[in-house]
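**Q** no FASTA, just this:
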C-alpha cells in the first residue's frame, strides 16, 4: 500500500540525513521513534519479518513458493508493532496516550491505560491461579520474553513468593521437561557442531557489551543428574537473579549451554529432546571445545567478563576452576558460591550455638563440589582468624562419602579433591556411625540424595549437642537430606536448621520455628556486582571470605531471637549492595581492581549501579 503524502513528509524529515533507498511501496506509516532515558537511543530502521512485494505481496501461506531459497526479510521502517514485540522496551497497556500517538500504537492496544503497579497486581493475581508450579514458571518465562521490566519488577517486589518459581525447586522440573516446554530461544547454545566456529557463534548474540556469562554443560543439574542441553534453565534462572537480586543489567548477561551430548538414555530416546542425540563427549574432545569457548569469550568480551560455571560434574568442575582461575575471571557457584553462603550461615549461627568457628567439629555427608568447597572455605576462615597452619585448620572437618568416613587409610583410592580431608581415624561405614564416632556439633548435607538425615541421625546429634546445627543443603526439595519438620521434631525443638530448598515454618510443641534457606542467591548476585563495579580481573579467595562475613552481618538481633541464621530475602538488594561493596573494597586493597579511582562510598556506589525495572518514558 502507498504511503500517504503527509506520512511520507514526516518520515522524510526524520531521515533526511540517512542514505537509504526505500521505495514508496515498502514504507510503513508506523515509526518506532527515538527511545528515552539516559541518552539510550534506538535506530528507526529495523529488519522486519515478511516477504513484501509491491502490490502483489504474498499471503502468509505463500502458495507461490517453488522451493527455491529466498531472503525472508526486507529493510523497512520499524512499526509500533515491532515496539510491542521488543521485551526490552514493551510496556503493554502502560503506554500513555501521548506515547501511543508518537509511536503509532493506536489500535494495537486496548484503549485502557494501566500503571506498572496495576499490571504487576494483575499479573500476580493471574500467577496465583495456577496450582502447578511448572505452570507458574512457564508464565514467568513468557513474561520475561514479552515485558522484561514488568518481569523484574514483579520478581523484585515479590521475591519470597517468586524465587522458588523462577529458580529452585521449580527450575529443576523445568529442566527435566525443557524440551517439551521450549517455546523460544533463551541464551546461546554451543555444541560440538560449532567446534572451530565458537567466536562466530558468540558474535551472533545481539548484545555486544557482555559482563556476566553463566555457563553449564548440563551434566549435573541440581541433584537430578545429566540433563544435557536441557540444563539451559539453570543459566537463564541464575542470570534472572543476577538482575533481580544484584541489580546487574539484563542486557549485559549471557546464558550459555555447552552441548557435548548426554549420558541420559531417556533423553536420547525422547523425540522432543532439543540437544545433540549422542553420548556425552569426554577427554580431549571435551577439553578442546571448552578451551575454544574460554579463549573466544576472552577475545570477544575482554579480560573483565565474569564466567560463572554452573552444574558441571565434579571431575570437570574442579579441573576447569583450577585451570582457568589464573587466566580468566571465573567463579564456580557450586564450589565457591555454596561455600560462601554456608560459611555466612555458620558465622551467623555462632550467635546461637556459641563459640568460635575453630571451637566446633564439622561432619559433612557428601564430598563432591559443594562439600569440599564448603570445607575448604571454613578452613580458610579458621586460618584467617587463628593463624594456625592449613593442616591444623582442617583437622576438625570430616567428610563422609558413599564409601564411609574419609580417613587416611583410604588415600590411595581417593579423588584428589578429597585428599585434604583424609584424617587419621579407624574406618567408619555409615553416617550414623560417623556421628557417634566424631561427635560433631554441626552436620552438613551436600550428598544430593534425599532422606539421609534419618531420625536416628538427628536424635544422635541432639544427644551430643544442646543446639545441634543441621544444614540439609541438597536441591531440589525432593533431594533434601531431611525436612524442616523432621529436624525440629526429631531433635525435640532443639535444632537450628537451614536447607538448600525452601521449607515453610513449623509448629512444634506450641512454638513456631522458622527454617533458614542457605540459598546461593544470597551471595552470587552481589558478588558478581562487586567484581563488575571495581573491574576485577581475577577472583581471590579473600573475596569469598569477606562476602560470607558481609552476609552474616545482615542478620538482626530480632531475627536471631526467632532462631533465624539468614536475613530475609525481602532485604536482598541491600544485602547484595553490602556484599558488592565488601568484595570491591578487598579488590582495591589487593590491587586487583581496574576501575579507578575508587569510589568514596562503595555501598552507595553499588546501589547507584543497580538496574531499575521501572518503566521509562518515551519521547
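**A** Yep, that arrived. Given the structure is predicted, the values throughout are model-derived calculations rather than measurements.
**Q** only C-alpha atoms from now on, for both contacts and neighbour counts.
**A** Noted.
**Q** quick one, what contacts the residue lying closest to residue 388 once chain neighbours are set aside?
**A** Counting by Cα to Cα, 6 or more residues apart in numbering, the nearest residue to residue 388 once its immediate chain neighbours are dropped is residue 382, at 7.9 Å. Residues counted as contacts of residue 382 (Cα atoms under 8 Å, 6 or more residues apart in numbering) are 357, 358, 388, 393.
**Q** wait, a helix at residue 382?
**A** Yes. Secondary structure of residue 382 (DSSP: H, G, I helix; E, B strand; the rest coil): part of a helix.
**Q** max pairwise distance over the contacts of residue 382: which two?
**A** Farthest pair in the contacts of residue 382 (Cα to Cα) is 357 and 388. Separation: 12.9 Å.
**Q** for residue 298, see how far away residue 329 is.
**A** Between residue 329 and residue 298 the computed distance is 9 Å (Cα to Cα, to the nearest Å).
**Q** so, low pLDDT: which residues of the protein?
**A** Along the chain, segments meeting pLDDT under 70 span 1-68, 70-78.
**Q** so what strands line up beside the longest strand anywhere in it?
**A** Taking DSSP state E as the criterion, the chain has its longest strand at strand 253-259. Strand 253-259 has its sheet partners listed here by DSSP bridges as strand 188-191 (parallel), strand 212-216 (parallel).
**Q** that older thread, shared neighbours, residue 329 and residue 298?
**A** Between them, residue 329 and residue 298 share these contacting residues under Cα under 8 Å, 6+ apart: residue 305.
**Q** quick one, which of the two is more surrounded?
**A** Ranked by neighbour count (other Cα atoms under 10 Å), residue 329 and residue 298 place residue 329 first, with 21 against 18.
**Q** if we can go back for a sec, and the buried ones among the contacts of residue 382, selectable in ChimeraX?
**A** To isolate the buried members of those in ChimeraX, using 16 or more other Cα atoms under 10 Å:
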select :357,358,393
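**Q** so of the contacts of residue 382, which ones are in helices?
**A** Mapping these onto helices (DSSP state H) picks out residue 393.
**Q** ok so, going back, got the contact list for whichever helix or strand comes after the longest strand of the chain?
**A** Using DSSP states H and E, the helix or strand that follows strand 253-259 towards the C-terminus is helix 265-268. Helix 265-268 is touched from outside by 227, 262, 273, 277, 278, with contacts defined as Cα under 8 Å, 6+ apart.
**Q** identify the farthest-apart pair in these.
**A** Of all pairs drawn from the contacts of helix 265-268, the greatest distance, 12.7 Å, lies between 227 and 278 (Cα to Cα).
**Q** neighbour-wise, which of the two wins?
**A** More neighbours surround residue 227 than the other of residue 227 and residue 278, with 27 against 14 (other Cα under 10 Å).
**Q** is the more buried one in contact with residue 233, as I believe?
**A** No. The criterion here is Cα atoms under 8 Å, and residue 227 misses it with residue 233 at 10.4 Å.
**Q** quickly list what's touching both of those two.
**A** The contact sets of residue 227 and residue 233 overlap at residue 175 (Cα under 8 Å, 6+ apart).
**Q** centre-most residue in this structure?
**A** Centroid check for the chain by Cα atoms, centre = their mean gives residue 238 as the closest residue, at 1.1 Å.
**Q** dump the residue contacts of that residue.
**A** Neighbouring residues of residue 238 by Cα under 8 Å, 6+ apart: 167, 214.
**Q** relative to strand 212-216, how tilted is the helix or strand residue 295 falls within?
**A** Residue 295 is part of helix 283-301, with elements assigned from DSSP H and E. Using axes from the mean of the first three to the mean of the last three Cα atoms, to 10 degrees, the interaxial angle of helix 283-301 with respect to strand 212-216 works out to 170 degrees.
**Q** who are the packing partners of helix 283-301?
**A** For helix 283-301, the helices and strands in contact under the criterion 3 or more Cα pairs under 8 Å, 6 or more residues apart in numbering; DSSP states H and E are helix 198-202.
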